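Q: Okay, predicted coordinates and the sequence, questions at the end:
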Amino acid sequence: MSKLSRREFVYMMAVLGAAPVFANSHTRMANTNKAEDYYKLKSFGNVRLMHMTDSHAQLLPVYFREPSVNLGFHGNFGKPPHIVGDKLLDYYGIKGNKRLEYAYSCVNFEEHAKVMGRTGGFAQIKTVVDFLRKNFGEDKTLLMDGGDTWQGSWTALQTRGKDMVGAMNLLGVDVAVGHWEFTYKAQEVLDNVKALDAEFLAQNVMVKEDAMMEETEIAQQAYDEDTGHAFKPYTIKKMGNARVAIIGQAFPYTTIANPQRFIPDWTFGINDDAMQEMVDQVREEEKPDAVIVLSHNGYDTDKKMAEVVTGIDFIMGGHTHDGVPEAYPVKNAAGVTHVCNAGSNGKFLNVLDLDIQNGKIKDFKFTLLPIFSDLIAEDKSMKKYIEDVRAPFKKELMRPIATTEDTLFRRGNFNGSWDQIICDALIDVKGADISLSPGFRWGTSVMPGQTITFDDLATQTAMTYPETYARDISGKDIKLILEDVADNLFNVDPFYQQGGDMVRTGGISYKIDPKAKMGERISNITLTKSGTKLEASKSYKVAGWSTVGSKSPGEPVWETVETYLQNVKHVANLKVDTPDIVGIKGNPGIV
């Protein structure tokens, strides 16, 4: 951390660490506290950039367990965000601070959740955002959204993201980028962008040449027919006496990780050369005092972009859901670019205060603010908006499905208890030998003793391509699938990492060596039921969901899982299948 970043972090520890922690605090404090009690940052600089990302349509406060496995290798070994659990607490010097332990780590999660309750919530975020704007000066403050905002809840799916557009407008978002936003149909995306008060930016989303030539309806709505940009690539914001450039970077692998059939006229990519040209152009033509990239690359990809592209002051990133309590410095040929990330599910708000003097950033102060719902009064206008949005679906959302005495979570490189339920459901309902479920990072947690509602299930499954399948796949091809996803996760070059976690599996166990070469990471695949080795030449019935290429024939996965949970009735002592991981001794990315 820089000295100023460290000072601000220590200050935050002192203020939030002093917040009361006692049983049922979330039911007793929020309506009596004021934002200035715990969220009044020390005055610094003359430009304030606020940044949130990956809320995944979670309008209400949630439980969210941070990962116990987030492995880093090669150049990212032992560096944020690949430090978890007690090692993370030691790294940032916050062990014993219950508030920050709960916010940043998985340590004592159930104990802390029981006492401090949920985090996030758009009504709480609006209270904090409005206070930080007014406290600093509204003309000097900007709110940025890093994407993955229009997807992840039942209401978002049913309204095709419109509920979140309205929430962003009420929150006062000024600039936004996207990823899961592009899993709606192209015209729906464009309609939502038109309804959005914020500027929607993407320097790396282009209209295909053949679509331009054919003058398709989508191509005709391109931001710039000459350059081919589908959306505005950058904007200049006047903030007090300063001019700040914001360049947008959408998720570069959208049409690989998600269905291209929904957005056939657009191309995506990292486009680091084009980013360098854009930064140079903006600096030469616009003469900004600061250049910010609002990115949905993923943390390690952002760090590499900071190495190879010069002239960027800060990258405000998302996609990998990493809550990193510092602006991480990355050296490049022209100086240093700082990389920031704001976690997920509305749990954090980045606050970057800049001291701009004589056309340059003289200094900065960075704070990753945890949004503790029990400390923050709800904004009344946002609360009413959320109630109105949920009202038509409330009966369905609150419908009980089962109960649990286990913590249900998703986040982690290899598996989670929610993912295990999905995998078990696919095998049970589809009559399969093996199940495969994508390594999605979105999805909230359910605490022991809670009733699992359809709302909870939707946070794991609500998406535009939820259809299930059951088909015969050879042992050879099953291994190839595992190898391909492992390469995506552990490729030595961050530009080839697509940001998800390992495909979740049911019915098999396997060994993985993350540091091995492509095609050599996976071995010893064994059928858990029989204990026999997977045979390359033999076919197995495999069930799964969320196919990227063509639409699968089966029912939506939420129906599959609900059928299974209704039969199970109560989740207890769930066995979460995890692979045998090789070469992780001493790695701080695993508890």
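A: Looks like it came in fine.
Q: Give me the residues contacting stretch 546-565.
A: 256-261, 401-402, 421-422, 424-426, 428-430, 437-438, 452, 454, 457-458, 460-463, 465-470, 545, 571 (Cβ atoms under 8 Å, 6 or more residues apart in numbering). All C-beta spots, glycine's among them, are computed from the backbone N, C-alpha and C.
Q: Could you pick out the buried ones from the residues you listed?
A: 257-260, 401-402, 421-422, 424-426, 428-430, 437-438, 452, 454, 457-458, 460-463, 465-470, 545, 571 (16 or more other Cβ atoms under 10 Å).
Q: before we move on, back to that, return the subset of the contacts of stretch 546-565 lying in strands.
A: Among the contacts of stretch 546-565, the members found in strands (DSSP state E) are 401, 402, 437, 452, 468, 469, 470, 545, 571.
Q: which ones are touching the last one?
A: Read it as residue 571. Here residue 571 is in contact with 402, 403, 404, 405, 406, 408, 421, 452, 565 (Cβ under 8 Å, 6+ apart).
Q: can you tell me which of these lies nearest to residue 503?
A: residue 421 (15.7 Å; Cβ to Cβ).
Q: Turn the contacts of residue 571 into CSV, columns for distance to residue 192 and pLDDT.
A: Below are those laid out as CSV (distance: Cβ to Cβ, whole Å; pLDDT from 0 to 100):
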residue, distance to residue 192, pLDDT
402, 34, 98
403, 37, 98
404, 35, 97
405, 40, 96
406, 37, 96
408, 31, 97
421, 32, 98
452, 30, 98
565, 32, 98
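Q: Let me have those residues in TSV, extended by distance to residue 199.
A: Listed next are the contacts of residue 571 as TSV, based on distance: Cβ to Cβ, whole Å:
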residue	distance to residue 199
402	43
403	45
404	42
405	47
406	43
408	38
421	40
452	39
565	42
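Q: which residues does residue 218 contact?
A: 186, 187, 190, 207, 211, 265, 266.
Q: Give me the neighbour count for residue 114.
A: Number of residues near residue 114 (other Cβ atoms under 10 Å) recorded here: 14.
Q: Please shift the residue numbers so they start at 642 in all later answers.
A: Sure, I'll start counting at 642 from here, so that last one is residue 755.
Q: Wait, a helix at it?
A: Yes - per DSSP: H, G, I helix; E, B strand; the rest coil, residue 755 lies within a helix segment.
Q: so it makes contact with residue 1091?
A: No - under the contact definition of Cβ atoms under 8 Å, residue 755 does not touch residue 1091, with a separation of 11.1 Å.
Q: so how many other residues sit close to residue 1196?
A: 15.
Q: actually residue 855, sorry about that
A: Other residues within reach of residue 855, judged by other Cβ under 10 Å, total 11.
Q: Backbone dihedrals for it, please?
A: Main-chain torsions, residue 855, degrees, to the nearest 10: phi -80, psi -10.
Q: returning to what we had before: would you mind giving the ones in strands among the contacts of stretch 1187-1206 as JSON lines with distance to residue 887 added?
A: Shown next, in JSON lines, are the ones in strands among the contacts of stretch 1187-1206 (distance: Cβ to Cβ, whole Å):
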{"residue": "1042", "distance to residue 887": "42"}
{"residue": "1043", "distance to residue 887": "45"}
{"residue": "1078", "distance to residue 887": "36"}
{"residue": "1093", "distance to residue 887": "40"}
{"residue": "1109", "distance to residue 887": "40"}
{"residue": "1110", "distance to residue 887": "41"}
{"residue": "1111", "distance to residue 887": "46"}
{"residue": "1186", "distance to residue 887": "36"}
{"residue": "1212", "distance to residue 887": "44"}
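Q: if we take those, which one ends up nearest to residue 971?
A: residue 1078 (33.8 Å).
Q: Could you pull up the residues touching that closest one?
A: Here residue 1078 is in contact with 1060, 1063, 1064, 1067, 1144, 1145, 1146, 1147, 1185, 1186, 1187 (Cβ under 8 Å, 6+ apart).
Q: Residue 1147 versus the fourth one, what's the distance?
A: Taken as Cβ to Cβ, to the nearest Å, the spacing of residue 1067 relative to residue 1147 amounts to 6 Å.
Q: Tell me how this structure divides into domains.
A: 644-703+759-1028, 1039-1222 (automatic domain parsing).
Q: Reformat those domains as CSV; add distance to residue 741.
A: Putting the domains of the chain into CSV (distance: least, Cβ to Cβ, whole Å) gives the following:
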stretch, distance to residue 741
domain 644-703+759-1028, 6
domain 1039-1222, 18
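Q: quick one: low-confidence parts of this protein?
A: 642-674, 1140 (pLDDT under 70).
Q: Now do the end-to-end distance for stretch 905-921.
A: Stretch 905-921 has its terminal residues 30 Å apart, counting by Cα to Cα, to the nearest Å.
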